[in-house]
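K.L.:
Have a look; sequence and predicted model below, questions after that.
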Amino acid sequence: QAQLVESGGGLVQVGGSLRLSCSASGRPFSYNVVGWFRQAPGRAREFVAAINLRGGNTYYGDSVKGRFTISSDNANNTGYLQMNSLKPEDTAVYFCALSPAPYSRPEEYRVWGRGTQVTVSS
């Protein structure tokens with residue numbers, strides 16, 4: 001069973017940057033896609049980005065296009081989410097997850113990390 005651990009969250013000012021990491025262990029190779037989601041208090045879990053580990057295609061939610069970049073280091077079983085030009089509305093717990101395909105719905109993802117908090121102060 002694959003396991004995921006997120007890191008890199010923290011407190012940052014508006015306009016700042018953070019890079020989140022998602023470290024996979026166990027048997028992550030049966031999944032083709034790493035996705036990032038976020039959830040703010042009282043809100044539904046929102047799709048942020050996904051990357052196909054086989055071909056490198058990337059997918060982004062509308063609210064982060066042009067500001068966030070997803071990438072992966074397959075040799076080290078690690079995924080990344082580079083977040084630039086952060087806004088207060090980016091404040092949330094960020095989760096990485098594994099899926100067989102680049103779905104945007106969280107229910108299509110099979111393995112989840114516990115999340116890392118990102119807080120953007122104005």
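P.N.:
Ah, there it is.
K.L.:
Next up, the contacts around Val14.
P.N.:
By C-beta atoms under 8 Å, 6 or more residues apart in numbering, the residues touching Val14 are 86-88, 120-122. Every C-beta, even on glycine, is put in place using the N, C-alpha and C of the backbone.
K.L.:
Recalculate using a threshold of 6 Å.
P.N.:
Going by C-beta atoms under 6 Å, 6 or more residues apart in numbering, Val14 touches 120, 122.
K.L.:
so what's it scoring on pLDDT?
P.N.:
At Val14, the model reports a pLDDT of 98.
K.L.:
With the one 5 residues further on instead?
P.N.:
pLDDT, Arg19: 98.
K.L.:
Could you check how many residues crowd around it?
P.N.:
Residues near Arg19, counting by other C-beta atoms under 10 Å, number 13.
K.L.:
what bridges to it?
P.N.:
Beta-bridge pairing of Arg19 under DSSP bridges involves Gln82.
K.L.:
And for the one 4 residues further on?
P.N.:
Following DSSP bridges, Ser23 is listed with bridge partners Val5, Thr78.
K.L.:
Kindly report the same for Val93.
P.N.:
With DSSP bridges as the rule, Val93 is bridged to Gln39, Gln117.
K.L.:
Let me know the distance separating it from Ala40.
P.N.:
Noted for Val93: a distance of 8 Å to Ala40, by C-beta to C-beta, to the nearest Å.
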